[in-house]
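> My questions concern the predicted model and sequence given below.
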Number of protein chains: 2
Amino acid sequence: VSEHELIRRIRALLGDAGGAASGVVLGPGDDCAVLAPAPGRELLLTTDAAIEGVHFDLAWMSAEEAGARAMAANLSDIAAMAGRPRWATLALGLPARPASETAEVALAIVRGAAREAAAHGARLVGGNLARSPAGISITIALAGDVEAGRAVHRSGARAGDEILVTGEPGLARGGLLALQRGMASDAAVAPLVARFRAPRPRIDEAIFLREIGARAMIDLSDGLAGDLAHLAAESGLAAEIDRDALPVPPPLAAFAARIGFDARAIVLEGGEDYELLAAAPPGTVAAQAAAFERRFGAPLSRIGRFADGAGIFFAGGSPIAGVGFDHFRP
Amino acid sequence: VSEHELIRRIRALLGDAGGAASGVVLGPGDDCAVLAPAPGRELLLTTDAAIEGVHFDLAWMSAEEAGARAMAANLSDIAAMAGRPRWATLALGLPARPASETAEVALAIVRGAAREAAAHGARLVGGNLARSPAGISITIALAGDVEAGRAVHRSGARAGDEILVTGEPGLARGGLLALQRGMASDAAVAPLVARFRAPRPRIDEAIFLREIGARAMIDLSDGLAGDLAHLAAESGLAAEIDRDALPVPPPLAAFAARIGFDARAIVLEGGEDYELLAAAPPGTVAAQAAAFERRFGAPLSRIGRFADGAGIFFAGGSPIAGVGFDHFRP
């Protein structure tokens, strides 16, 4: 399969990416996509890469899931600003495996990415193919939009704000630990593995959180503790976690006990859940958690508070060190 | 050097990417950049990757040049639509070399990319760092804008249009051939090597071409013959090249003779010049080449014509086969 034949098949798969509300004036196939921004809205722009052997392994998920997951990571960055995802490009690095296998994998990745984008109102409008000397790399850039002046930044938390988290962070990390232990077909870990393979970006949830008063927000990609450290640092504050308030879903508690891990450590350290972490005025969770759960079928938890100072701590005092995933840690 | 320390240094290098006319509401450091699109203009979106060992080799250029060159490839895609580049993201894949070397290389790449963007009125507003299992990868996404309805597509050529090319395509390919032969310090090939290391995207030139009637355009990345084949195919036409009309600058002619190559084959096959190839009504070059050369210090050449049919041919008849760089050709 030649590069041009593969591009032809990808274009056939994507169609013209247009449609009434898409804002796509010209879709894939030219030097650039041409897009019509909505008047009065600001543009959001983000990029995120998924690299085989670093972020994913095709022994643990299908190529289509890998493509969808790479898109979900980008969608989640738009969510973290309370925006709406609109238009994505996908740059694919492909190793020189047998040509037919390479083409199948490439098409499946694009199909997964396009499906995940469409499920959240966005379109895949362009991309690039290149040979990669090692594994597959999937690098997506995503443009979204937001009402002018309404993007939620990392820096907006105030001392006294409570720390909110959506859903059940740690599930994806539990799923990864289960896959690493060869437990893919074990029914007890199915909810964990499913979350690792197919995390769900919280687009509507983010807008809801902004409407109920969230004034700083980040999505959980490096792990709860590490991402909380970013939020605290950007807001110039300390963060204090109530360890007992961390949500620990029963399947994760049972799995952690089984492998001899502390379930709350998994919740704190596990990345790639794409849940949202936010700061909001005291009392927000007490007032809104029931409405959130009714609307989105997921819990909204208050897990601590922001305070003057710097760093992140457990309530009572001990600092939490070495938090977050570091690509270059030896 | 930890990932967070490297990110801190990159952010210090980029600053807030803002400024009066930049349209940057929020620069690097949050989940997304926030940008203010100009009213009444359409958005252009493109992505392009440069992979060590495939697109560049640090034995042949500095890391800063590699970063600038990766940005130039993206700037050139905006030029090919007659747009203005505005905002870029850069996703960097870095192998686990010694930490200090990795940090220096990463900073130099970002510095080169940011400098090249700024030289053409664009800003680097965000990015991503990840570990790469093999060499360095630089994946840029670039957003630009254009007056609504004024983007020049690949599909706009008409039968009888003449084929225009800017500058001196083939120089970059000559430079690559010289580097592969260990001739980097040979003064006779300096103009070729310089063009390979630092190609110049033709932003203002593209807008000039549109204003004088260019109605289909592409930038030369795969090679003149291959990119002309794209332009012809997207316009549903055949293209006929006047072999004798191909511009062959003296340093390229001398170098080709020295290594026993046909200079015109280098012009036809060589990619990565980022010159522009366009279709315009007959007589355009005769009327405008002098003004183009005065304004931009580069020739504008008429190298053939579009005609009914399909494929690309030399005037007189013989088809040109197997054109263009293919990443997956065995």
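The structure has been received and is ready for your questions.

> Please work out the average pLDDT along stretch A:14-26.
Across stretch A:14-26, pLDDT averages out at 81.

> Between its first and last residues, how far does it reach?
Counting by C-alpha to C-alpha, to the nearest Å, you get 12 Å between the two ends of stretch A:14-26.

> Please apply the same query to stretch A:48-66.
Note: stretch A:48-66 ends 13 Å apart using C-alpha to C-alpha.

> tell me which parts of the stretch 151-300 of chain A are close to chain B?
A:151, A:153-155, A:217-219, A:234 (C-beta under 8 Å from any C-beta of the partner chain). Quick note: C-beta positions are derived from backbone N, CA and C, even for glycine.

> from the residues you listed, which ones fall inside strands?
Among those, the ones falling in strands (DSSP state E) are A:217-219.

> Which one of these sits in the busiest neighbourhood?
Counting neighbours by other C-beta atoms under 10 Å in any protein chain shown, the top entry in these is A:Met217, with 28 neighbours.

> bridging residues for that one?
According to DSSP bridges, the partner residues bridging A:Met217 are A:Ala278.

> What are the boundaries of the strands in chain A?
A:24-26, A:33-35, A:41-51, A:84-94, A:123-131, A:137-147, A:162-166, A:216-219, A:238-241, A:276-280, A:300-307, A:311-314.

> can I get those in a markdown table with distance to B:Ala79?
As requested, these are exported to a markdown table (distance: least, C-beta to C-beta, whole Å):
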| stretch | distance to B:Ala79 |
| --- | --- |
| strand A:24-26 | 16 |
| strand A:33-35 | 14 |
| strand A:41-51 | 20 |
| strand A:84-94 | 17 |
| strand A:123-131 | 16 |
| strand A:137-147 | 19 |
| strand A:162-166 | 43 |
| strand A:216-219 | 35 |
| strand A:238-241 | 46 |
| strand A:276-280 | 39 |
| strand A:300-307 | 47 |
| strand A:311-314 | 47 |
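
> quick check: longest helix of chain A.
Assignment by DSSP state H gives helix A:99-119 as the longest helix of chain A.

> could you say what helices and strands that one packs with?
The helices and strands touching helix A:99-119, judged by 3 or more C-beta pairs under 8 Å, 6 or more residues apart in numbering or on different chains; DSSP states H and E, are helix A:3-14, helix A:63-79, strand A:84-94, strand A:123-131, strand A:137-147.

> Tell me which of these lies nearest to chain B.
Proximity to chain B (C-beta to the nearest C-beta) singles out strand A:137-147 among the helices and strands packed on helix A:99-119, at 3.1 Å.

> Now that closest one: buried residues?
A:137-146 (16 or more other C-beta atoms under 10 Å in any protein chain shown).

> Also near chain B: which of these, exactly?
A:137, A:139, A:141, A:143-144, A:146.

> ok, the residues you listed vs B:Gly93, which is closest?
Nearest to B:Gly93 among these, counting by C-beta to C-beta, is A:Ser137 at 6.4 Å.

> residues in contact with the closest residue to the closest one other than its chain neighbours?
Once flanking residues are discounted, A:Ser137 sits nearest to A:Gly93: 3.7 Å by C-beta to C-beta, 6 or more residues apart in numbering or on different chains. A:Gly93 makes contacts with A:130-132, A:136-139, B:49, B:51, B:137, as judged by C-beta atoms under 8 Å, 6 or more residues apart in numbering or on different chains.

> how about a cut-off of 10 Å?
Each residue near A:Gly93 by C-beta atoms under 10 Å, 6 or more residues apart in numbering or on different chains is listed here: A:49, A:51-52, A:128-139, B:49, B:51, B:54, B:93, B:132, B:134, B:137, B:139, B:327.

> Report the separation between it and B:Gly112.
21 Å (C-beta to C-beta, to the nearest Å).

> now swap in A:Gly283 and tell me
50 Å.

> The two: which is more packed in?
Each of A:Gly283 and B:Gly112 has its neighbours counted (other C-beta under 10 Å); B:Gly112 has more, 24 against 11.

> Which elements pack onto the least confident helix or strand in chain A by mean pLDDT?
Ranked by mean pLDDT, DSSP states H and E, the weakest helix or strand in chain A is helix A:3-14, scoring a mean of 89. Helices and strands touching helix A:3-14, as assessed by 3 or more C-beta pairs under 10 Å, 6 or more residues apart in numbering or on different chains; DSSP states H and E, comprise strand A:84-94, helix A:99-119, strand A:123-131, helix B:224-235.

> go again using 8 Å as the cut-off
Using 3+ C-beta pairs under 8 Å, 6+ apart, helix A:3-14 is in contact with helix A:99-119, strand A:123-131.

> Quick one, which of those gets closest to A:Phe196.
For A:Phe196, the closest of the helices and strands packed on helix A:3-14 is helix A:99-119, at 14.9 Å, according to C-beta to C-beta.

> The closest one: which residues count as buried?
Using 16+ other C-beta under 10 Å as the test for burial, helix A:99-119 gives A:102-103, A:105-114, A:116-117.

> cool, and stretch A:235-251?
Going by neighbour count (16+ other C-beta under 10 Å), the buried part of stretch A:235-251 is A:235, A:237-242, A:246-249, A:251.

> before we move on, what about stretch A:157-173?
For stretch A:157-173, the neighbour count (16+ other C-beta under 10 Å) marks A:157, A:161-173 as buried.

> ok, those vs chain B, which is closest?
A:Ala157 (13.0 Å).

> which residues does that closest one contact?
Applying C-beta under 8 Å, 6+ apart, we find A:Ala157 in contact with A:215-216, A:231-232, A:235, A:237, A:279, A:306.

> Same list, these, but as CSV with distance to B:Gly67 and pLDDT please.
Converted to CSV, the contacts of A:Ala157 look like this (distance: C-beta to C-beta, whole Å; pLDDT from 0 to 100):
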residue, distance to B:Gly67, pLDDT
A:Arg215, 36, 98
A:Ala216, 32, 98
A:Leu231, 30, 97
A:Ala232, 32, 97
A:Ser235, 32, 98
A:Leu237, 35, 97
A:Ala279, 36, 98
A:Phe306, 37, 98
